[in-house]
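> I would like to see how this sequence folds:
(one chain, ligands or ions: 1)
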Amino acid sequence: MTVDLEALRGGLVVSCQAYPGEPMLDPRTMAQVAQAAVAGGAVGIRGKGLDDLRAMRPVLTVPLIGLVKVGDSGVYITPTLDDCLAVADTGVEIVALDGTRRPRPDGLSFARTVTELRNRFPDVLVMADCGSAADADAAQDAGADILGTTLAGYTGERPKTDGPDWECIDEVVALASVPVFVEGRIHTPAQAARAIRHGAWAVVVGTAITHPTTLTGWFTEAVASA
Ligand SMILES: CC(=O)N[C@H](C=O)[C@@H](O)[C@H](O)[C@H](O)COP(=O)(O)O
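The predicted structure is shown next:
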């Protein structure tokens, strides 16, 4: 059954991802981190990698947004239709994929990718990870169920702002007729609250909650320069 996005409205989604070579890159660990986030009030979880998603889905009581990353440049978030189908097959409620206007590695358009995914998994919702308002506009026209600001600052179209890209967020919210999930460089509870006040349907926080190496670095730097 399609997940009811009302359950996520006004809430916090926690992104639980570890990267190649990192000690926490282990499905059991990531599933435990996700459960801990739910215990803290997360209304949804975003996870990466088929093994992590398979480990998370059965132990979580909240909707799961799934993706795979293939490389780390260009179109790398669930880049192909095959990737989308593999993510959907893990049982996630929402598939997140690159929602930019850039050419995709399998040559399919975003619209065709969404259509084919829907044909095979009619209950799955589609989150378009966008890098700009123009991306969001196109992704919405192509049938995305959710617009994410995930890639603002990572595609070359927008500057990589220190914190959230508020200008982009406001532009996306202004054009959206579907829910907007504000994601990307939200590092404080105050920023998360501001995103909701700016019209986010939900706020997605990753690094500032689930990436201890980065968090530790923030503190070690501060201590070193005291
Ligand atoms: C740009 C990109 O690849 N973003 C990824 C998308 O899944 C993740 O690496 C981020 O951690 C996630 O978007 C949450 O953002 P932040 O960690 O800034 O709270």
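> for the closest residue to A86 other than its chain neighbours, grab the count of nearby residues.
Leaving aside its sequence neighbours, A86 sits nearest to L50 (CB to CB, 6 or more residues apart in numbering; 6.0 Å). Bear in mind the C-beta positions are built from the backbone N, C-alpha and C, glycine included. Using other CB atoms under 10 Å, L50 is surrounded by 17 other residues.
> just confirm L50 contacts V68, I think it does.
Yes: between L50 and V68 there is a contact under CB atoms under 8 Å: 6.4 Å.
> now the common contact residues for these two.
Here L50 and V68 share the contacting residues A86, V87, scored by CB atoms under 8 Å, 6 or more residues apart in numbering.
> now the strands for this protein?
11-16, 44-48, 64-67, 94-98, 125-129, 146-148, 180-183, 202-205 (DSSP state E).
> any idea of the pLDDT on M1?
Looking at M1, its pLDDT reads 84.
> which residue packs closest to it, ignoring adjacent ones?
With sequence-adjacent residues excluded and distances taken as CB to CB, 6+ apart, M1 is closest to D123, at 6.0 Å.
> phi, psi of the one you found?
Note on D123: backbone dihedrals following degrees, to the nearest 10 are phi -90, psi -10.
> would you agree it is in contact with D4?
No: look at D123 against D4 with CB under 8 Å: they stay out of range, at 11.6 Å.
> hmm, back to that, the residue nearest to M1: neighbouring residues, count only.
When neighbours are defined as other CB under 10 Å, D123 has 10 of them.
> just to revisit the earlier point, with mean neighbour count, distance to L81 and mean pLDDT added, can I get the strands of the chain in JSON lines?
Converted to JSON lines, those look like this (neighbours: other CB atoms under 10 Å; distance: least, CB to CB, whole Å; pLDDT from 0 to 100):
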{"stretch": "strand 11-16", "mean neighbour count": "24", "distance to L81": "23", "mean pLDDT": "99"}
{"stretch": "strand 44-48", "mean neighbour count": "28", "distance to L81": "18", "mean pLDDT": "98"}
{"stretch": "strand 64-67", "mean neighbour count": "28", "distance to L81": "14", "mean pLDDT": "98"}
{"stretch": "strand 94-98", "mean neighbour count": "28", "distance to L81": "9", "mean pLDDT": "98"}
{"stretch": "strand 125-129", "mean neighbour count": "26", "distance to L81": "12", "mean pLDDT": "99"}
{"stretch": "strand 146-148", "mean neighbour count": "28", "distance to L81": "18", "mean pLDDT": "99"}
{"stretch": "strand 180-183", "mean neighbour count": "28", "distance to L81": "22", "mean pLDDT": "99"}
{"stretch": "strand 202-205", "mean neighbour count": "26", "distance to L81": "24", "mean pLDDT": "98"}
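> where does the chain dip in pLDDT?
Within the chain, no stretch has pLDDT under 70.
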